[in-house]
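[1] Just a sequence and a predicted model for now, questions to come.
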Amino acid sequence: MKFVQIIEFETERLEEMQQVLDEAGQRNADRAGGPTHSTLLKDRDKPNRYLALIEFESFEEAMRNSDDPETTRMAERLNALSIGERVYTNCDVLDMRDLK
């Protein structure tokens, strides 16, 4: 079953965060596993608030990714660029479809 982790965070340094994520994406491009899709959302009503939706093939794959030391280093760098605590929501995907 597909799995999505939603990460809610605030930052005034989004460009720097995106650079960290781009570097991680380049490192992970040729390796098996890891995230399959990501979506970044900006809250229109609260400045500097964002939601990142990270999709994995399964919950188990997400946990393997979380255990990777490179993921830990990336998370530490992202934490340093965040305002306050990040909030994680873990979701099993029950239905996903294209509407158009």
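    Thanks, I have it.
[2] where exactly do the strands run in this protein?
    3-10, 37-42, 49-56, 83-92 (DSSP state E).
[3] could you dump those strands to JSON lines with mean pLDDT, distance to residue 70 and mean neighbour count?
    Where you see a C-beta, it was placed from the backbone N, CA and C, and this is true even at glycine. As requested, the strands of the chain are exported to JSON lines (pLDDT from 0 to 100; distance: least, C-beta to C-beta, whole Å; neighbours: other C-beta atoms under 10 Å):
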{"stretch": "strand 3-10", "mean pLDDT": "96", "distance to residue 70": "17", "mean neighbour count": "18"}
{"stretch": "strand 37-42", "mean pLDDT": "93", "distance to residue 70": "16", "mean neighbour count": "12"}
{"stretch": "strand 49-56", "mean pLDDT": "95", "distance to residue 70": "15", "mean neighbour count": "18"}
{"stretch": "strand 83-92", "mean pLDDT": "95", "distance to residue 70": "18", "mean neighbour count": "11"}
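[4] Dump those to JSON lines, plus distance to residue 22.
    Converted to JSON lines, these look like this (distance: least, C-beta to C-beta, whole Å):
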{"stretch": "strand 3-10", "distance to residue 22": "16"}
{"stretch": "strand 37-42", "distance to residue 22": "11"}
{"stretch": "strand 49-56", "distance to residue 22": "13"}
{"stretch": "strand 83-92", "distance to residue 22": "19"}
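[5] among these, which is nearest residue 25?
    Closest of the strands of the chain to residue 25 is strand 37-42, at 8.4 Å (criterion: C-beta to C-beta).
[6] so what's residue 43 closest to, chain neighbours aside?
    Of all residues not flanking residue 43 in the chain, residue 49 sits nearest, at 3.9 Å (C-beta to C-beta, 6 or more residues apart in numbering).
[7] what do you get for residue 70?
    In space, residue 70 is closest to residue 27, 6.3 Å off (C-beta to C-beta, 6+ apart).
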